[in-house]
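The sequence and its predicted three-dimensional model are supplied below.
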Amino acid sequence: MTPRLSSDFKKPLILAACASMSFLALFKTRKLKRHVHDCEDELEAMRSDAKSKDALISHLRAAGVGSKAEIQSLKELSTSRLQESNKLRRALSDCEVELKTTRSELASTRGQLQHHQTLLRTATADLEKEQRAAKEVQSLLAERTGELTTAQAFLATSDGVSGADVKELVERLNADIFQTAATISEFLDVKPAVVESWDEGVKDTLTRYVGVALTELLLARHSEFEFLVQTAIQTTLCSQAGYTITSWTKAVSGIEEASVVDMYDCVQKFEDLNVAGKWRSITRKCLSNAQDSGTWHKHSFTQMARAVYEVLECLGVGTQRAKETVERFSESISTLAQKAMRLNTFIGEEVISSDLLIVCPRLDSPCSEELLEVQGDPESFICTTDLGIAHVDGISGRKVLLKAQALWGSGLDDETNV
């Protein structure tokens, strides 16, 4: 049997049990309240989310019509872009095929280029070989040509030009000299300078080019001063052309003109005219080969131009204007030099059977009347103005082909300017 508890002992137990049950109930109640509170917060959040979604749904419903149009437009644009993309892909594919073809052709071209380069190197080597052989042949040909030229000069019995041809060239040269002198004189229109006394240097320079008689007339300011100025220029050009025509050395450095002329005179004394002519032809050709034609022309032109310049300066033209005048008429003076050089070649190298004697200007005394066209008192001779030419051979002696022209004092007025 179970022992019974006294009433005093039961009361505390009941109270403790009640207290425990009350505490447990209070704990459960608080727990439930927290749970309820959490549920309420979650419900509120769900309600807020539902409101947001309702607003979004409303917005989407409002924009539904426009979105469909935009979506359709986007679809069409996407389709167009897709088509363009397909075209680009096909074009890219074609380009890749073309690139492959081009690379293949390039490789083939490179191979052909290498082949042609090889052929070119071979051809270049062959060409250089042929050029060397050609140079050797040309050198040998030049040597043989020189030998044949020398032999031909000794064997030749006929002249390369006739006396009539040379006469025609001399006449043309005289006409060109006269025209050039007249043009320069007209261009300058020089008036007689009023000078108390002339410098000795001026007198010496003029005398060297035109002689004493013409110098005195110019310095005395003769009434025909302008005509005398033209005559002075003409005589100067004629004299310089004569030097070029009769030159042996042709400005070759290291060879004296007088020594060669003395040698030719000696040959003429002891040999017949034909042998002397051949010697002259060979010697002049050798001297021509020793001098470049351009250098000789430059020398002849320079001599003519300097002579004209110094004469003009002495006549009172002035240094600057005299220089400008020579430069202005340089082409005409150059032509005169070329024609004189041509006559030098004809007379010195082409004529063998005889001598052609050029009658050059005499400045103070006339040459033989046989060679000069006398147009006045022989005592009034002033200067020679035109070249003449005579033919000399061993049979008929000397034959005048063209008489030289001169200026005579008897043809001028006796007045002078004061």
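Thanks, I have it. Numbering: from 1, shown residues only.

did I read that right, I382 in a strand?
Yes: per DSSP: H, G, I helix; E, B strand; the rest coil, I382 lies within a strand segment.

Give me the buried positions along the helix or strand harbouring V261.
V261 belongs to helix 257-270 when assigned by DSSP states H and E. For helix 257-270, a neighbour-count test (16 or more other CB atoms under 10 Å) marks 260, 264, 267-268 as buried. Placement of C-beta: from N, CA and C, glycine included.

And for stretch 297-314?
Here stretch 297-314 shows 297, 299-301, 303-305, 307-314 as buried, counting by 16+ other CB under 10 Å.

Give me the contact list for it.
184, 188, 190, 202, 205-206, 209-210, 232-233, 236-237, 239-241, 243-244, 250-251, 319, 321-323, 325-326, 330, 333-334, 336-338, 340-341 (CB atoms under 8 Å, 6 or more residues apart in numbering).

can you give me how far it is from the chain middle?
Here stretch 297-314 is found 28 Å from its chain centre; the criterion is CA atoms, centre = their mean, to the nearest Å.

Out of the contacts of stretch 297-314, which end up buried?
The buried subset of these - by 16+ other CB under 10 Å - is 184, 188, 190, 202, 205-206, 209-210, 232-233, 236-237, 239-241, 243-244, 250-251, 322, 325-326, 333-334, 336-337, 340-341.

So for stretch 344-351, mean pLDDT?
Averaged over stretch 344-351, pLDDT sits at 86.

Check the separation of the first and last residues in it.
One end of stretch 344-351 to the other measures 11 Å (CA to CA, to the nearest Å).

Now do the buried residues in that stretch.
Buried, per 16+ other CB under 10 Å, within stretch 344-351: 344-351.

Including pLDDT and distance to H115, could the buried residues of helix 257-270 go into CSV?
Shown next, in CSV, are the buried residues of helix 257-270 (pLDDT from 0 to 100; distance: CB to CB, whole Å):
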residue, pLDDT, distance to H115
V260, 80, 63
Y264, 81, 67
V267, 80, 68
Q268, 77, 71
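
what about L113, how many neighbours?
Counted with other CB atoms under 10 Å, the neighbours of L113 add up to 11.

any idea how far Q179 is from it?
Distance, L113 to Q179, using CB to CB, to the nearest Å: 64 Å.

for C360, same thing?
20 Å.

who has more neighbours, these two?
C360 (19 against 12).

what sits against that one?
Under the criterion of CB under 8 Å, 6+ apart, the neighbours of C360 are 238-239, 242-243, 245-246, 384, 387.

can you map out the helices along the stretch 151-300 of the chain?
Secondary structure of the stretch 151-300 of the chain (DSSP state H, counting those that start in this stretch): helices at 163-188, 200-210, 212-219, 225-246, 257-270, 273-289, 293-314.

need these in a markdown table with distance to D377, can you?
Shown next, in a markdown table, are the helices of the stretch 151-300 of the chain (distance: least, CB to CB, whole Å):
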| stretch | distance to D377 |
| --- | --- |
| helix 163-188 | 23 |
| helix 200-210 | 20 |
| helix 212-219 | 13 |
| helix 225-246 | 18 |
| helix 257-270 | 34 |
| helix 273-289 | 37 |
| helix 293-314 | 26 |
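
R81 is nearest to which of those helices?
Each of the helices of the stretch 151-300 of the chain has some distance to R81 by CB to CB; the shortest is helix 293-314, at 79.2 Å.

quick one: secondary structure of T385?
Strictly by three-state DSSP, T385 counts as strand.

I'd like the mean pLDDT over stretch 70-81, please.
77.

Let me know the helix or strand that R398 is in.
Going by DSSP H and E, R398 is part of strand 397-402.

could you point out which element follows that strand?
Next in sequence after strand 397-402, counting helices and strands by DSSP H and E, comes strand 405-408.

Show me what that next one is packed up against.
In terms of contacts (3 or more CB pairs under 8 Å, 6 or more residues apart in numbering; DSSP states H and E), strand 405-408 is packed against strand 381-386.

and the strand it packs on, which strands flank it?
When sheet partners are counted by DSSP bridges, strand 381-386 sits next to strand 405-408 (antiparallel).

Distance from the chain centre to the strand it pairs with, please.
47 Å.

Dump the C-alpha coordinates for stretch 289-297 into PDB.
Output in PDB follows, covering the C-alpha atoms of stretch 289-297 (Å, rounded to 0.1, in the frame of the first residue of the first chain):
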ATOM      1  CA  ASN A 289      92.900  65.100-131.600                       C
ATOM      2  CA  ALA A 290      94.900  66.500-128.700                       C
ATOM      3  CA  GLN A 291      92.400  69.200-128.100                       C
ATOM      4  CA  ASP A 292      88.700  68.900-127.300                       C
ATOM      5  CA  SER A 293      86.600  70.900-129.800                       C
ATOM      6  CA  GLY A 294      84.500  72.400-126.900                       C
ATOM      7  CA  THR A 295      87.600  73.700-125.200                       C
ATOM      8  CA  TRP A 296      89.000  75.200-128.500                       C
ATOM      9  CA  HIS A 297      85.600  76.800-129.200                       C
END
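
mean confidence for that stretch?
Mean predicted confidence for stretch 289-297 is 78.

One more: stretch 325-340?
Rounded mean pLDDT across stretch 325-340 is 93.

again with stretch 181-190
Averaging pLDDT along stretch 181-190 yields 89.

which of the residues in that stretch are buried?
181, 184-185, 188, 190.

Quickly name whichever of the residues you listed is closest to K285.
A181 (33.0 Å).

Enumerate every residue touching L188.
Counted by CB under 8 Å, 6+ apart, L188 has contacts 229, 312, 317, 321, 325.

circling back to that earlier point, same list (the buried residues of stretch 181-190) but as a markdown table, adding distance to E130.
As requested, the buried residues of stretch 181-190 are exported to a markdown table (distance: CB to CB, whole Å):
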| residue | distance to E130 |
| --- | --- |
| A181 | 55 |
| I184 | 55 |
| S185 | 60 |
| L188 | 60 |
| V190 | 64 |
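
Many thanks, I have nothing further to ask.
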